[in-house]
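J.: Here's my sequence, what's the structure:
(2 chains)
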Amino acid sequence: AQSVTQPDIHITVSEGASLELRCNYSYGATPYLFWYVQSPGQGLQLLLKYFSGDTLVQGIKGFEAEFKRSQSSFNLRKPSVHWSDAAEYFCAVGSYSGTYKYIFGTGTRLKVLA
Amino acid sequence: NAGVTQTPKFQVLKTGQSMTLQCAQDMNHEYMSWYRQDPGMGLRLIHYSVGAGITDQGEVPNGYNVSRSTTEDFPLRLLSAAPSQTSVYFCASSSDRASTDTQYFGPGTRLTVL
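T.: Below you'll find the predicted structure:
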């Protein structure tokens, strides 16, 4: 069955430090992979997505993610975190094989220390 | 463009009451979806629509009804509210098959059922 795992529920980093949020998926074929960010009290906003091609994907707000097929991972990274990056981050997998499926992970809440 | 709008932002119901959560988009998107967000469970798909007049069930459809009479609107109906339906509800739309395309989210409706 298709699934998405975000193993870290909470992550705390200092402002200026690097960040990596983990995402692992389970899917038979090459999935469509997404990272969304949710600021407090807001809806979700797309950071980046991967469909095919270059496995290193650049997104908005200085984020990037790397698709690693061998590890079934799509980890989100940022070299230097800003206080405004404090939010909840969701990894998602999309597929269509007769029925529509769009599965979200349970989210990672990021706290940034000044 | 207003994007995806949802009303109301907050709602308190008593068990057994009915209500409709409104969702509208002005991007001429064919695909619209309803999700509920609960702590530690990420977003779960309730119902979705691939165009006017066409709807289908998602992962957690029980207790909810939808219809899609126009491209712009996709209301979610709770016929007899239960405390288990206390959640934050998000509406989303996308221009292409939602499983492979970016979804645009509304700001959410926070529903409490007493």
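J.: all contacts plus neighbour counts: C-alpha atoms, from now on.
T.: OK.
J.: Go through stretch B:6-21 and flag the buried ones.
T.: For stretch B:6-21, the neighbour count (16 or more other Cα atoms under 10 Å in any protein chain shown) marks B:Q6, B:T7, B:L13, B:L21 as buried.
J.: Regarding the last one, what is its secondary structure?
T.: Think B:L21. strand (DSSP: H, G, I helix; E, B strand; the rest coil).
J.: Show the model's pLDDT score for the closest residue to chain B within chain A.
T.: Chain B sits closest to A:T106 of chain A, with a gap of 3.9 Å, by Cα to the nearest Cα. Looking at A:T106, its pLDDT stands at 93.
J.: where's it, which helix or strand?
T.: Per DSSP states H and E, A:T106 falls between elements, in no helix or strand.
J.: Near the closest residue in space to it that isn't next to it in sequence, how many other residues are there?
T.: Residue nearest to A:T106 in three dimensions, not counting chain neighbours: B:G42, with 3.9 Å by Cα to Cα, 6 or more residues apart in numbering or on different chains. If you count neighbours by other Cα atoms under 10 Å in any protein chain shown, B:G42 ends up with 19.
J.: Next up, the contacts around B:G42.
T.: A:F90, A:F104, A:G105, A:T106, A:G107 (Cα atoms under 8 Å, 6 or more residues apart in numbering or on different chains).
J.: Next one, pLDDT for it please.
T.: 87.
J.: Neighbour count and distance to B:G63 added to the contacts of B:G42, as a markdown table?
T.: Putting the contacts of B:G42 into a markdown table (neighbours: other Cα atoms under 10 Å in any protein chain shown; distance: Cα to Cα, whole Å) gives the following:
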| residue | neighbour count | distance to B:G63 |
| --- | --- | --- |
| A:F90 | 28 | 26 |
| A:F104 | 23 | 21 |
| A:G105 | 24 | 23 |
| A:T106 | 25 | 23 |
| A:G107 | 29 | 25 |
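J.: Return the distance of the residue in chain B that chain A sits nearest to relative to B:C91.
T.: Per Cα to the nearest Cα, B:G42 is where chain B lies closest to chain A, at 3.9 Å. Distance, B:G42 to B:C91, by Cα to Cα, to the nearest Å: 14 Å.
J.: A:T55 now?
T.: From A:T55 across to B:C91, the span is 30 Å (Cα to Cα).
J.: B:A2: neighbour count?
T.: B:A2: 9 neighbours (other Cα under 10 Å).
J.: again but with B:S80, I slipped
T.: Count around B:S80 with other Cα under 10 Å applied: 15.
J.: which residue sits closest to it in space, ignoring its chain neighbours?
T.: Closest to B:S80 by Cα to Cα, 6+ apart is B:G16, at 4.3 Å.
J.: strand partners of the element among helices and strands of chain A having the smallest mean pLDDT, parallel vs antiparallel please.
T.: Ranked by mean pLDDT, DSSP states H and E, the weakest helix or strand in chain A is strand A:100-104, scoring a mean of 78. According to DSSP bridges, strand A:100-104 has the following sheet partners: strand A:87-96 (antiparallel).
J.: what pLDDT, on average, does the strand it pairs with get?
T.: Strand A:87-96 comes out at a mean pLDDT of 89.
J.: Next, the buried residues of it.
T.: Buried residues in strand A:87-96 (16+ other Cα under 10 Å): A:A87, A:E88, A:Y89, A:F90, A:C91, A:A92, A:V93, A:G94, A:S95.
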